[in-house]
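Novice: I need the structure of the sequence given here:
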Amino acid sequence: MPGSEAAARTGGYRQRVDERGAAPGPGDDTDDGRAAFLARPLRRRELIALDALAALAYPVVLLAYPFSQDLAARSWGELPLWAVWPLVAATAAPLAVRRLWPLPVLGAVLAATAVSVALLGVREPFLAVAFALYPVALSTPRRRWEPSVAIAVGCVVLAATMTTMGSPVGTGGIGMVLIGLVLIGGSWTIGRAVRERRAYAERTAERLAERLAERAVTEERLRIARELHDVVAHGMSLVAVKAGVARHVLRERPEEAADALGVIETASRSALTEMRHMLGVLRSESDGPGGDLAPAPGLDGLPELAERAARAGVRVELDVRVPELPEGLRLAVFRIVQEAVTNAVRHAAPTRCRVTVAARAGQVAVDVADDGPGGRPSREAPPERAAGPGHGLIGMRERVAVYGGSFTAGPRSGGGFAVSARLPYQAAAVGGAAR
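Specialist: Residues are numbered from 1 along each chain as shown. Sure, this is the predicted structure:
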């Protein structure tokens, strides 16, 4: 069954639930083990063992058949029973290894069948041939099994004709031919159907793997795009704002213009450093470790972020009280704060911004609020230079969604703009003292 095969391949334990939604109790362990044993596909050595048993049973069943009482009285003379057994055994013995060597076994069975028919007039030679033909249809390429099928069918026709020579029943030969064709055709059809089913399952698995790979590539591209946005947007926003300021005050207030140019230089260098770090990490994934790379930004980088924002005209108040966090979560928190502060610089400067990062009830709470105009362009930047809507909020929301958290952003009732994110984490998984 496809479902059983899929369950067996995954190797996982699937908990059963009864109609009331209750999980099985300890008393069901035996039933679960028995069901798992019956549902799993047979191993190769188990199939070979079954073939060996069938090969042993075939002579017994054949000689116990009512027609076998006349074995020594047919066709090419009389033979004692002790001579009949080796011929029948020679027909059945190769069947024990039919899955290991399909074509050689079929050839051996056809040869033994021809000798048995010639000497004994056995009326059921097609049973062994059909049994040997199945693994040929199952495992042999099409261009190789076509001659095997033709030889097997010819053997059945010859065996049926020779068996009924001199028989008083005139229609016996036709009946034997029809029965042989049905058995051999059925054996071949089942073998090919199983082969096609397996090939279809393999193709489906390959397509699924390709789709998963494509999805992984897409997710990686989105991750890189978010990182690029977080790295570039923050620095370039400061550069854009301060460049506009410098242009407007260059003649009247050259000192203020010089300060703005200093902010531009610092922000540009910082963005370049982070860009090099990110590109180095991406390159190391394919080229291996190459040189020392700076660690990914984390909560330790928030004071520097606040200092850069202050030089841009936004005073940032930090309140960070969290334990040691996983590296990925630290990066996510830093990027959320960075984007929120960048938005404050872009749309609310000059003003005040408060950043709160705290651990509350198994989650990290990140709150960034400013008291600026809230969404309007900076007063220092001319309208034509104001940055348009970007992907900052989308990127923050996606980062929070990765951790299964919640995210809200919007204007405050008393003025300004607020960003709030909640990222769940397991405190037991990390250690360290609170900041």
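
Novice: Tell me which residues of stretch 94-113 come out buried.
Specialist: 94-99, 102-103, 105-110, 112-113 (16 or more other C-beta atoms under 10 Å). Where you see a C-beta, it was placed from the backbone N, CA and C, and this is true even at glycine.

Novice: In helices, which of these fall?
Specialist: P102, L103, V105, L106, G107, A108, V109, L110, A112, T113 (DSSP state H).

Novice: now, which of the buried residues of stretch 94-113 sits nearest F131?
Specialist: Nearest to F131, judged by C-beta to C-beta, of these is L95 at 5.5 Å.

Novice: where's the closest one relative to A112, distance?
Specialist: Using C-beta to C-beta, to the nearest Å, L95 is found at 10 Å from A112.

Novice: rewinding a little: what is the nearest of the ones in helices among the buried residues of stretch 94-113 to S406?
Specialist: Nearest member of those to S406, counting by C-beta to C-beta, is P102, at 60.6 Å.

Novice: ok, now which ones touch that closest one?
Specialist: Each residue near P102 by C-beta atoms under 8 Å, 6 or more residues apart in numbering is listed here: A132, P135, V136, L138, S139, T140.

Novice: Skipping its backbone neighbours, what lies nearest the second one in space?
Specialist: When you say that, I think you mean P135. P102 (4.1 Å; C-beta to C-beta, 6 or more residues apart in numbering).

Novice: Starting from the longest strand along the chain, tell me the next helix or strand along the chain.
Specialist: Longest strand in the chain, counting residues (DSSP state E): strand 351-360. Next along the chain after strand 351-360, taking DSSP states H and E as the criterion, comes strand 363-370.

Novice: helices or strands up against the helix or strand that comes right after that next one?
Specialist: Remark: after strand 363-370, the chain's next helix or strand is helix 392-402, criterion DSSP H and E. Contact partners of helix 392-402 among helices and strands, from 3 or more C-beta pairs under 8 Å, 6 or more residues apart in numbering; DSSP states H and E: helix 172-249, helix 327-348, strand 406-411, strand 417-424.

Novice: OK, contacts around R308?
Specialist: R308 neighbours (C-beta under 8 Å, 6+ apart): L238, V263, T266, A267, S270.

Novice: Turn the residues you listed into JSON lines, including pLDDT.
Specialist: JSON lines is the format used below for the contacts of R308 (pLDDT from 0 to 100):
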{"residue": "L238", "pLDDT": "75"}
{"residue": "V263", "pLDDT": "80"}
{"residue": "T266", "pLDDT": "77"}
{"residue": "A267", "pLDDT": "76"}
{"residue": "S270", "pLDDT": "73"}
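
Novice: Would you check how far apart A199 and A213 are?
Specialist: A199 is 21 Å from A213, by C-beta to C-beta.

Novice: ok so, going back, list just the one of the helices and strands packed on helix 392-402 that sits closest to A90.
Specialist: helix 172-249 (19.6 Å).

Novice: What angle do helix 392-402 and that closest one make with each other?
Specialist: Between helix 172-249 and helix 392-402, the angle comes out at 140 degrees (axes from the mean of the first three to the mean of the last three C-alpha atoms, to 10 degrees).

Novice: Show me what helix 172-249 packs onto, helices and strands only.
Specialist: helix 126-139, helix 142-163, helix 254-287, helix 327-348, helix 392-402.

Novice: which helices and strands does the fourth one pack with?
Specialist: Which is helix 327-348. helix 172-249, helix 302-311, strand 314-321, strand 351-360, strand 363-370, helix 392-402, strand 417-424.

Novice: make it 6 Å
Specialist: helix 172-249, helix 302-311, strand 363-370, helix 392-402 (3 or more C-beta pairs under 6 Å, 6 or more residues apart in numbering; DSSP states H and E).

Novice: Save the helices and strands packed on helix 392-402 as a markdown table, and put in mean neighbour count and distance to A55 too.
Specialist: Converted to a markdown table, these look like this (neighbours: other C-beta atoms under 10 Å; distance: least, C-beta to C-beta, whole Å):
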| stretch | mean neighbour count | distance to A55 |
| --- | --- | --- |
| helix 172-249 | 16 | 16 |
| helix 327-348 | 23 | 60 |
| strand 406-411 | 14 | 67 |
| strand 417-424 | 20 | 61 |
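
Novice: Comparing the ones you listed by mean pLDDT, which bottoms out?
Specialist: With a mean of 79, helix 172-249 has the lowest mean pLDDT of the helices and strands packed on helix 392-402.

Novice: Check which residues of the longest strand of the chain are buried.
Specialist: Neighbour-count burial for strand 351-360 [16+ other C-beta under 10 Å]: T351, C353, R354, V355, T356, V357, A359.

Novice: Where is pLDDT lowest across those?
Specialist: Ranking these by pLDDT, T351 lands last with 77.

Novice: Surely that residue and G372 touch.
Specialist: Yes: T351 lies in contact with G372 (C-beta atoms under 6 Å); the separation is 3.8 Å.
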